[in-house]
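**Student:** what would the 3D arrangement of this be:
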Amino acid sequence: MKLFTKMTKIALFGATLGFAGNSFAAEAMDLDSLLKTLEQGKTQQSAQNKQREQEFAARQNEQVQMLKNSQAKRNQMLVESERLETQFEENEVKLANLTDTLSKRMGSLKELFGVLQQVAGDSSNKFATSVVSAQLPGRGAFMDELAQKMGSTSKLASIEDIEKVWFELQREMTEQGKVSRFTTDVIVEGGNKAKQEVMRVGAFNLISEGKYLDYNTSTNTLSELTRQPVGRYTSTASDLQQAKSGTVQFSLDPTGGSILGLLVQAPDTSEQVHQGGAVGYVILGVGLLALIIAIERFVSLMLMGSKIRRQLKDSVPRDDNPLGRVMKVKDQYPDVAYDTLELKLSEAILREMPKITRNLTLIKIISVVAPLLGLLGTVTGMINTFQAITLFGTGDPKLMAGGISQALVTTVLGLVVAIPTVFLYTLLNTRSKNLLLILQEQSAGIIAERSEKGA
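**Tutor:** Residues are numbered from 1 along each chain as shown. Here you go, the predicted model:
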């Protein structure tokens, strides 16, 4: 402590000298004044040092007291820790004894409660995905709470809880065999909610307004399927909802929506046609052209045939039918020999032939070209499929199946166009040949008649 005081005095003396030197430089003091100033600074510094020593001694006493208090508190906490540790060990022994006593008293009930917990958990999952919950909500919450309570070793199920589990299971089985109606909110097309009458068919399907509904288990909401199955399924839904009694045919999905989801994803006829791409559109175009030509030829040959049959009953030739125009050749050349007349009649028949067989060759060409176009589209689609496999691999079978399916659509379109076109060509060609045969028969009769007259 004395050493510290001396060092402090020396430092303050140096500071005072520096201050005095500065003052001397500023005020040009003499040596007596400087000495006096140094004595005054020394006296002041001694007073400050004594004050600081007293403050330090006072704080040192406070720190000693704080140390004693901390040591006393530590000793108290050690005693408390030993007491709590002893109590914890005693509680462990008591808990083990109580657990053993509980197990002995429960006996066979322990197995019962374990089964009850498992049944409650399984039933909760079942109720969450069952469409019956759309009509009877809130059943899964009770099962969840019961399963969690049974998982705790300190809580047991009451008789009321066990009876309610049995009741909910029995109600689920009973409702699965019913077709019931109820009114609730349904999300319709456009995202709007509407109050509608919903019909539940057991635990399989939900329908409303002739449409199949989807039950969202996470939000407990009903919504119309964004895409309904084909009409033969939705028609049965309408019939069932309109029926008041009796037996009605209904397209039931026993999987609870899996088969219905696949049916909804399956493309309809128009979508399959669009899958054919540009080649498919070309096939449909030429098929439509063949149909128009076939209709025109069928009507023309039918009218022509009726006029020829009418001409067969009349001996006066007319210009409105091929037979009449051929018969006029006989009147135009009444005096020529039968061989010359034969040539004239053959020439007249040849003139009528293009009118009778017009555009039939085009129909035949379309019937041959259509399947070739289909094959072209299939090959092109397979090339695209293999290119996709090269880029993305074969990890996704749906990618390969979808590509091959689209490739085969053009083949189907080609056959759909070619098969009826062949039948149309055969029908029209047969009808035209029959008309030409009538002309040839009548021409042969005219030649035979002229030959008899010349003989």
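**Student:** point out where the stretch 251-400 of the chain drops to low pLDDT.
**Tutor:** The stretch 251-400 of the chain contains residues with pLDDT under 70 at 266-268, 394-400.
**Student:** show me where it has helices.
**Tutor:** With helices called from DSSP state H, counting those that start in this stretch, the stretch 251-400 of the chain shows them at 258-265, 269-275, 277-312, 322-332, 338-356, 360-392, 397-454.
**Student:** list the buried residues of the third one.
**Tutor:** By neighbour count on 16 or more other Cβ atoms under 10 Å, the buried set for helix 277-312 is 277, 279-280, 282-284, 286-287, 289-291, 293-294, 297, 300-301, 304-305, 307-308, 311. Every C-beta, even on glycine, is put in place using the N, C-alpha and C of the backbone.
**Student:** how about Leu213: what's its closest non-neighbour residue?
**Tutor:** The shortest distance from Leu213 to any non-neighbouring residue, by Cβ to Cβ, 6 or more residues apart in numbering, is to Leu206 (4.1 Å).
**Student:** check the residue of the chain positioned farthest from its centre and give its pLDDT.
**Tutor:** No residue in the chain sits farther from the centre than Asp32, which is 106.2 Å out by Cα atoms, centre = their mean. Per-residue pLDDT puts Asp32 at 72.
**Student:** can you show me the strands along the stretch 101-250 of the chain?
**Tutor:** For the stretch 101-250 of the chain, the strands defined by DSSP state E, counting those that start in this stretch occupy 179-187, 193-201, 205-208, 211-216, 221-224.
**Student:** and the third one, what other elements does it pack with?
**Tutor:** Same thing as strand 205-208. strand 193-201, strand 211-216, strand 221-224, helix 231-242 (3 or more Cβ pairs under 8 Å, 6 or more residues apart in numbering; DSSP states H and E).
**Student:** which among these is found nearest to Glu172?
**Tutor:** strand 193-201 (12.7 Å; Cβ to Cβ).
**Student:** what residues of the closest one count as buried?
**Tutor:** 196, 198-201.
**Student:** and what of stretch 240-256?
**Tutor:** 240-241, 250-251, 253.
**Student:** got the end-to-end distance for it?
**Tutor:** 18 Å (Cα to Cα, to the nearest Å).
**Student:** please apply the same query to stretch 243-263.
**Tutor:** For stretch 243-263, the end-to-end distance is 25 Å (Cα to Cα).
**Student:** what comes into contact with that stretch?
**Tutor:** Outside stretch 243-263, the residues that touch it by Cβ atoms under 8 Å, 6 or more residues apart in numbering are 129, 131, 201, 203-205, 212, 214, 225, 229-230, 232-233, 236-237, 239-240.
**Student:** kindly write the PyMOL command that selects the buried subset of the residues you listed.
**Tutor:** Burial among those is assessed by 16+ other Cβ under 10 Å; the matching PyMOL selection reads:
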select buried, resi 131+201+203+204+205+212+214+225+229+233+236+237+240
